[in-house]
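A.B. asks: build the 3D model from these lines:
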Amino acid sequence: MFPDGVYAAGAFEPVRDFDASSNGRFVQSKDKATGLPLWVVEVIDADKTARSRTVKVKLAAQVQPVLPSGPAGAPFVPVEFTSLTVTPYVTQAGRLGYSLKATGLRAPGRPSGRPGQDGREAAA
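C.D. replies: Residues are numbered from 1 along each chain as shown. Presented below is the predicted three-dimensional model:
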């Protein structure tokens, strides 16, 4: 999906369940397969020919995922996603859209897993 690499442009945020949230009450979306809370991070595709340079990737996890450490002073963190899936859908405007979802993330070149609260790799 990201042959030239991808960079996280911010931290993971909870995904809002728009159907369950009301009257100023925020309800976090849950993954349909696992029941775990869903989190999303905006990423920048390093492919210069990409149609859309920024996309959002969802990840299901019990606690808010933590990005791996990036290069000192860099505004973006290079990441790799594990088990990334693409789900196409038709938007309300009748256009083709897609949703990206991963089971974990890591620093490029690191073993599979998802950084834990202490920044070390944890099993996805």
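A.B. asks: in the protein, where is pLDDT below threshold?
C.D. replies: 110-124 (pLDDT under 70).
A.B. asks: now do the contacts for the residue most central in space within the chain.
C.D. replies: Among the residues of the chain, the one closest to the centroid is V57, at 3.0 Å (CA atoms, centre = their mean). The contact partners of V57, by CB atoms under 8 Å, 6 or more residues apart in numbering, come to V40, V41, V43, F81, L84, L100, K101, A102. C-beta coordinates here come from the backbone N, C-alpha and C atoms, glycine included.
A.B. asks: switch the cut-off to 6 Å
C.D. replies: The neighbours of V57, taking CB atoms under 6 Å, 6 or more residues apart in numbering as the test, are V41, V43, L100, A102.
A.B. asks: okay if I get these as a markdown table plus secondary structure?
C.D. replies: Output for the contacts of V57, formatted as a markdown table (DSSP: H, G, I helix; E, B strand; the rest coil):
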| residue | secondary structure |
| --- | --- |
| V41 | strand |
| V43 | strand |
| L100 | strand |
| A102 | strand |
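A.B. asks: among the residues you listed, which one has the most neighbours?
C.D. replies: V43 (25 neighbours; other CB atoms under 10 Å).
A.B. asks: can you tell me the closest non-neighbouring residue to that residue?
C.D. replies: Leaving aside its chain neighbours, V43 sits nearest to V6 (4.8 Å; criterion: CB to CB, 6 or more residues apart in numbering).
A.B. asks: do M1 as well
C.D. replies: The nearest residue in space to M1 (CB to CB, 6+ apart) is L84, at 5.6 Å.
A.B. asks: surely the one you found and A102 touch.
C.D. replies: Yes - if you go by CB atoms under 6 Å, L84 and A102 touch, sitting 4.6 Å apart.
A.B. asks: I'd like to know how many residues surround G104.
C.D. replies: 21.
A.B. asks: thanks a lot, see you next time.
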